[in-house]
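> no FASTA, just this:
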């Protein structure tokens, strides 16, 4: 989705902007320090694979003297309970529904594994916009 959106917007993607970390505050913090530590290649926004990583990114940005969202926007995924307190924009997920779908699918497979074709279901999400995101400055 990230690559498709960047391509559709006519924006290039630097390899240095793709980072892996565990899904923790510390993991996000460490990778964000690397990402945001080079002013020449600093992105205007960071999309993290978890709210915990986004919280670490906000902490790293502040330590480096960057203002969120004035200098850099940060968004996470999960709807973590600290998100509201920190003003974190997030993509909320609904794990109970995801778990229910997974169990229903597993039961289908167990009842007739030879007739079950792979199926993709769109998971319900909700974008919750808070103060960690803003339009980039010119």
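Here it is on my side, so go on. Nothing here was measured: the structure is a model prediction, and the numbers come from that model.

> can you map out the strands along the protein?
45-47, 73-78, 89-93, 125-128 (DSSP state E).

> what's the closest of these to residue 111?
Judged by CB to CB, the one of the strands of the chain that comes nearest to residue 111 is strand 89-93, at 27.6 Å. Using the backbone N, CA and C atoms, a C-beta is placed for each residue, glycine as well.

> how much does the closest one deviate in direction from strand 73-78?
For strand 89-93 against strand 73-78, the angle by axes from the mean of the first three to the mean of the last three CA atoms, to 10 degrees is 20 degrees.

> Buried ones in strand 89-93, by neighbour count?
Residues of strand 89-93 classed as buried: 89-90, 92 (neighbour count, 16 or more other CB atoms under 10 Å).

> so which of the strands of the chain is the most packed in?
Of these, the one with the most neighbours on average (mean count of other CB atoms under 10 Å) is strand 73-78, at a mean of 23.

> What pairs with that one, parallel or antiparallel?
According to DSSP bridges, strand 73-78 forms sheet pairs with strand 45-47 (parallel), strand 89-93 (parallel).

> Just the residues contacting that strand, thanks.
By CB atoms under 8 Å, 6 or more residues apart in numbering, the residues outside strand 73-78 that reach it are 44-55, 57-58, 61, 68, 83, 88-93, 132-134, 136.

> For the closest residue in space to residue 124 that isn't next to it in sequence, give me its contacts.
Leaving out its chain neighbours, the residue that sits closest to residue 124 by CB to CB, 6 or more residues apart in numbering is residue 94, at 5.2 Å. Contact analysis of residue 94 by CB under 8 Å, 6+ apart lists 123-125.
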